[in-house]
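1. Model the following, please.
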Amino acid sequence: MKNKLFLSGLLTTMPLVTYSQTNFIIIFTDDQGYQDIGCYGSPLIKTPNLDKMASDGLKLNSFYVSSSVSSASRAGLLTGQLNTRNGIKGVLWPDSK
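-> Numbering: from 1, shown residues only. Okay, here's the model as predicted:
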């Protein structure tokens, strides 16, 4: 009985801690070059919304994908595994089975 009273007293005296949640957005594109977005220095392509997101948040400069083709790299992003482990080794076409 003493343990239960001590535990309930401990829980009621603990301060409430709130954590702010960080939102993040992953923009996953195919065949995009480094300079295809305005915030990375494109003089020709205007991307004001992406530029605003980059200036308000975090802009990363190193990019890695698990495969050079779209289906396998998307599967790698979704599973957190290399394409050699998740079973998607190439492009999945709409008519493929």
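
2. C-alpha only now, for contacts and for neighbours.
-> Noted.

3. Pull up the gap between the spatially most central residue of the chain and L50, please.
-> Central residue of the chain (C-alpha atoms, centre = their mean): I26, 4.3 Å from the mean position. I26 sits 12 Å away from L50, going by C-alpha to C-alpha, to the nearest Å.

4. Could you do S68 as well?
-> Where L50 is concerned, S68 sits at a distance of 24 Å (C-alpha to C-alpha).

5. With S67 instead?
-> For S67, the distance to L50 - C-alpha to C-alpha - is 25 Å.

6. So for those two, which sits in the more crowded spot?
-> A count of neighbours by other C-alpha atoms under 10 Å puts S67 above the other of S67 and L50, at 18 against 14.

7. Let me know the helix or strand that that one is in.
-> If you go by DSSP states H and E, S67 is not part of any helix or strand.

8. Could you check which helix or strand contains the residue nearest to the centre of the chain?
-> Judged by DSSP H and E, I26 forms part of no helix or strand.

9. List the buried residues of stretch 29-43.
-> 36-39 (16 or more other C-alpha atoms under 10 Å).

10. Over to stretch 48-67?
-> 51, 66-67.

11. can you check stretch 85-97 too?
-> Buried residues in stretch 85-97, counted by 16+ other C-alpha under 10 Å: 88-89.

12. what's the pLDDT at V17?
-> As predicted, V17 sits at a pLDDT of 65.

13. Over to R85?
-> pLDDT, read off for R85, is 90.

14. now swap in T12 and tell me
-> On the pLDDT scale, T12 gets 52.

15. After the worst-scoring helix or strand of the chain on mean pLDDT, which helix or strand is next?
-> None of the helices or strands of the chain scores lower by mean pLDDT, DSSP states H and E than helix 2-13, at a mean of 48. On the C-terminal side of helix 2-13, the closest following helix or strand by DSSP H and E is helix 48-56.

16. and the next element down the chain from that next one?
-> Assigned by DSSP H and E, the successor of helix 48-56 is helix 70-79.

17. show me where pLDDT drops low in the chain?
-> In the predicted model of the chain, residues 1-19, 96-97 satisfy pLDDT under 70.
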